[in-house]
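# Got a sequence here, can you model it:
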Amino acid sequence: MDHTYQDWYNCIAQYERTFKDWESRADKIVKRYRDDSRSRNNPQAKFNILWSNVQTITPAVFARLPRPDVSRRFRDNDPIGRVASMMLERALEYEIEHYGDYASAMKQSVQDRLLGGRGTSWVRYEPHIIGQKGGEADGAPDDGFQVTEDIDEAETEGGIYKEDQERIEYECAPVDYVHWRDFGLTVARTWEEVTAVWRKVYMGRPALVERFGEELGGKIPLDTRPETSRTYNEKMGEGSSEAVVYEIWDKTTGEVIWLNKSMGKILDTRADPLKLENFWPCPKPMFSTLTNDSLVPVPDFVLYQDQARQLDTLADRIDGFIQALKVRGVYDASEPSLARLFTEGENNTLLPVKNYGAFSEKGGLVGAINLVDIKPIAEGLNMAYQAMEQVKGQIYEIMGIADIQRGQTDPNETLGAQIIKSNNASGRLKTMQHEVVNFATALLQIKAQIICNHFTDDTIVKISGAMQLSQQDQQLIPQALALLKDEPAKNFRIEVTTDSMIYQDEQQEKQNRMEFLSAVSGFLSTALPAAQSTPELTPMLVEMLKFGVTAFKAGKGLEGLIDETADKFRQQAKAMEGQPKPPSPEQQKLQMEMQMEQAKMQMQQQIEQAKITGQIELEKAKQEYQAQENQLKFQLEDQRNREEKQMELQLEQTKMDTSNNKELLLAYLNNAAKIETTRISSGLDTGEIAYAENVQMANILQDQLGYSDMKNHPLQPAIETMYNSNQQLTQLLSALLEKLNQPKIVIRGPDGKIAGVQ
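Model (predicted):
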């Protein structure tokens, strides 16, 4: 049955009458939270416990933005469901991180819940369409729903052509915050009995014309100014006014209705534009205290408003005590110097008094000054402070805020006592925390449905980054997209939730991860030996591991790898059917011990053989060394004989050239004989001695014979030849000794046995 405008007008009027007192109360609470009354007509001191409590509870129930958690509903081996879950989760993360509307809507809704007692948000579909005409692109923003309009066609001389070719530039699913004044519902006892919800949409003239057309949009009167833009509108004038359009979602008929009270008519009607599972584009609002007979919420502040009023009274009294807590009194006017006692008197400073004797007879300062007793005032101030602490304790008991959550602890308390306090406080706030989590999850679920039902495949692939997945997962993208588009199959196989938004739960999650790693390590240490001894159990053990891993969000990335591993083990188990069973661990251990004993025996034999072979090689090396040494001695003797003959020839030539210096030549020959004697007595390495003696003798010859350049002396070649031969012999002997001292390398034959030593 279709409802008329009058039916909806009466429904809206009934809601406004029912919720009028609540709206008035919520408005006062918001002003109290902002402390607006102080600056207007109430200058007395106050204690804003409402602001303190809201600031304390907000991070306890909404510490950070939630993250989507999309997974396979039954954690079974479903690769298509896994890829579809991954794509949808990435698309939701992109929507949350790229656009700030979700975070803003959540924050404002939580604040409305804590102040007025009801927080609401609204999700819509927004495709941005551009039209191309003559090569130019014209923006054609949509009204927020996926509605296909017929493309106008015009006749020309050439026939019929399409004026505009429209295409979607990009798509999004924004979340709109709905103020508690702008939301409405059919009056009912519980949320399940509600049949329709609506919101007020404030639209200017351009928006009205764009949404409802030139003819209708130009006639809608601009009859309101929203509370949030009242000052702005007054400055801008009447042209900045807006029209209030009621957007009503009727679940009984599955239709969306737009109406305006000033025109007194329904502006537009459409049939279920979003195709959502629960029809409404908004989740159940976050309510404060409710009873089963009404959806009118009771704000939290109402439950402790009497105690808050007492705090204000005590704060005002404390302010008065502090103002009165000052030194006051009277003094004897006959002694004017006493007036300077509290104004000029400093540390260790005395004031002169005339006629001190008479002043002393009157009783001195005690008789001349009388001060007001401030002790009762100080006691009253302390009592006011104590009373304030008691009243705050009552408020914290009502709200469930433990001192441990405000950062105040008793140093004498044990850790167990503090943990008990924290757990009790968490228990009191647990209902509120779950309410916020459920609200955030419902918003994400509506977002996910809009993405699956209305986003194009190309948009889903782009915003989810599906082309960055593994090659195997990319092959499943078409099937995953088909699954996301199939609403019943998607609901059966995919589950959309959120992670925790509470700081304490984050700490618990870290602890759970460490416990998870410990549990997995313990499972693997037990499962691996069992899999080695009984390969048939491997697929079952892998499934058990998957059962434990998939319960944790951190293990979701391992699901694909675990599935592949399980499939490989199943194939291996199937291929091994009918084949002989591998030896047991005890048999394998015995075989390994036998192999180790055989290896030890072979090693011992090789060592003994190496010792024998090494002795033989050592004897060979000694013989080779003796033979080389004898050969070198023979070569040395032969070289010496040639050198002596050459020297004799050179000496004869020198005798002929130096007939007048016989004595000098005789000395030279004696020195040569001395060199030969030294050479024989010193052994083989005498090149340096011979060279030094010959150089000395050559210097004498140079001085006596008058040679200016020894290079031209006849004896110089003989001396150089002798030195070089000695150096060559020394180098050969050093190389031979170095070779003999090198470590021996065992050479094995093709059969692995020792064949020799190098």
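# Ramachandran angles for Pro127?
phi -90, psi 140 (degrees, to the nearest 10).
# While we're on it, how confident is the model there?
pLDDT, Pro127: 90.
# Could you report the separation of it from Leu636?
Between Pro127 and Leu636 the computed distance is 106 Å (CB to CB, to the nearest Å). C-beta: built from backbone N, CA, C; applies to glycine.
# Compare the two (neighbour count), which wins?
Each of Pro127 and Leu636 has its neighbours counted (other CB atoms under 10 Å); Pro127 has more, 22 against 15.
# Could you give the bridge partners of the more buried one?
Glu171 (DSSP bridges).
# same check, this time on Arg167
With DSSP bridges as the criterion, Arg167 is bridged to Ile130.
# OK, contacts around the closest residue to Leu303 other than its chain neighbours?
Nearest residue to Leu303 in three dimensions, chain neighbours excluded: Ile398, at 5.7 Å (CB to CB, 6 or more residues apart in numbering). Neighbouring residues of Ile398 by CB atoms under 8 Å, 6 or more residues apart in numbering: 303-304, 307.
# Now with 10 Å, please.
Ile398 makes contact with 53, 300, 303-304, 307, 428 under the criterion CB atoms under 10 Å, 6 or more residues apart in numbering.
# Thr291: which of those residues is nearest?
Thr291 lies nearest to Leu303 out of these, by CB to CB, at 13.4 Å.
# give me the number of residues near the closest one?
Neighbour count for Leu303, taken as other CB under 10 Å: 14.
# Read off the pLDDT value for it.
Looking at Leu303, its pLDDT stands at 92.
# Can you tell me how far it is from Gln394?
Note on Leu303: its distance to Gln394, by CB to CB, is 11 Å.
# Could you do Gly217 as well?
56 Å.
# more crowded one of those two?
Gly217 (18 against 15).
# show me what contacts that one?
So Gly217 contacts 203, 205-211, 243, 267 (CB under 10 Å, 6+ apart).
# One more pass at 7 Å, please.
Going by CB atoms under 7 Å, 6 or more residues apart in numbering, Gly217 touches 208-209, 211.
# How about Gly465?
Arg90.
# ok, so what distance separates it from His454?
20 Å.
# Lys284 - nearest residue in space that isn't next to it in sequence?
Trp191 (5.2 Å).
# The one you found: neighbour count?
Quick note: Trp191 (other CB under 10 Å) scores 13 neighbours.
# thought it was touching Pro285?
No - using CB atoms under 7 Å, Trp191 is not in contact with Pro285, being 8.2 Å away.
# List the buried residues of the helix or strand containing Glu97.
Taking DSSP states H and E as the definition, Glu97 sits inside helix 79-98. Under the neighbour-count criterion of 16 or more other CB atoms under 10 Å, helix 79-98 has 79-96 buried.
# How about stretch 593-608?
Result for stretch 593-608 [16+ other CB under 10 Å]: no buried residues.
# same check, this time on stretch 380-394
Result for stretch 380-394 [16+ other CB under 10 Å]: buried residues 380-381, 384, 387-388, 391-392.
# Equivalent analysis for stretch 195-206, please.
So stretch 195-206, judged by 16+ other CB under 10 Å, has buried residues 196-203.
# quick one: low-confidence ranges for the stretch 151-300 of the chain?
Regions of the stretch 151-300 of the chain meeting the criterion pLDDT under 70 cover residues 151-166, 226-240.
# So which residues of it form helices?
Under the criterion DSSP state H, counting those that start in this stretch, the stretch 151-300 of the chain contains helices at 205-217, 230-236, 300-303.
# Dump these into JSON lines; add distance to His179 as well.
Compiled in JSON lines, the helices of the stretch 151-300 of the chain are given as follows (distance: least, CB to CB, whole Å):
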{"stretch": "helix 205-217", "distance to His179": "18"}
{"stretch": "helix 230-236", "distance to His179": "14"}
{"stretch": "helix 300-303", "distance to His179": "18"}
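# Just say which of those is most tucked in.
helix 300-303 (a mean of 20; mean count of other CB atoms under 10 Å).
# I'd like to check what contacts it. Which residues are they?
Helix 300-303 has contacts (CB under 7 Å, 6+ apart) with 25, 29, 50, 114, 288, 398-399.
# Of those residues, just the buried ones, PyMOL syntax please.
Only the buried entries of the contacts of helix 300-303 go into this PyMOL selection, using 16+ other CB under 10 Å:
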select buried, resi 25+29+50+114+288+399
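# Show me the strands in the stretch 51-200 of the chain, by range?
68-72, 118-123, 126-133, 136-141, 153-156, 159-162, 165-172, 175-178, 183-185, 196-203 (DSSP state E, counting those that start in this stretch).
# what pLDDT, on average, does the fourth one get?
Strand 136-141 shows a mean pLDDT of 41 in the predicted model.
# can you list the buried residues of stretch 195-206 in CSV and add distance to Val110?
Below are these laid out as CSV (distance: CB to CB, whole Å):
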residue, distance to Val110
Ala196, 25
Val197, 20
Trp198, 22
Arg199, 18
Lys200, 21
Val201, 23
Tyr202, 23
Met203, 27
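# Of those residues, which is the nearest to Ala63?
Distances from Ala63 to the buried residues of stretch 195-206, taken by CB to CB, are shortest for Arg199, at 28.2 Å.
# so the closest one makes contact with His179?
No - applying CB under 7 Å as the test, Arg199 and His179 come out as separate, 8.9 Å apart.
# separation between Ile451 and Ser104?
20 Å.
# what's Gly264 in contact with, if anything?
Residues in contact with Gly264 (CB under 7 Å, 6+ apart) are Tyr5.
# Try it again at 8 Å.
So Gly264 contacts 5, 9 (CB under 8 Å, 6+ apart).
# 8 is where my numbering starts, stick with that
Happy to do that; since the first residue is 8 now, the last one works out to Gly271.
# returning to what we had before: what angle separates the helix holding Glu104 from strand 172-179?
If you take axes from the mean of the first three to the mean of the last three CA atoms, to 10 degrees, helix 86-105 sits at 80 degrees to strand 172-179.
# Show residues contacting helix 86-105.
So helix 86-105 is contacted by 72, 74-79, 109-110, 179-180, 451, 454-455, 458-459, 462, 467-468, 470-473, 476, 480, 483-484, 486-488, 490-491, 497, 500-501, 503, 566-567, 570 (CB under 8 Å, 6+ apart).
# do the same with stretch 494-507
Residues outside stretch 494-507 that contact it (CB under 8 Å, 6+ apart): 73-81, 85, 88, 91-92, 95, 99, 282, 284, 444, 447-448, 451-452, 455-456, 459-460, 490-491, 513, 516, 560.
# ok, 6 Å please
The contact list for stretch 494-507, computed with CB atoms under 6 Å, 6 or more residues apart in numbering, reads 73-74, 76-78, 80, 88, 92, 447-448, 451-452, 455, 490-491.
# ok, these vs Ala52, which is closest?
Closest to Ala52, out of all of these and judged by CB to CB, is Ala447, at 39.0 Å.
# if you skip the residues just before and after it, what's nearest to that closest one?
Counting by CB to CB, 6+ apart, Pro73 is the residue found nearest to Ala447 once chain neighbours are left out, at 4.6 Å.
# The one you found and Ala449 touch, don't they?
No - Pro73 is beyond contact range of Ala449, at 11.2 Å (criterion: CB atoms under 6 Å).
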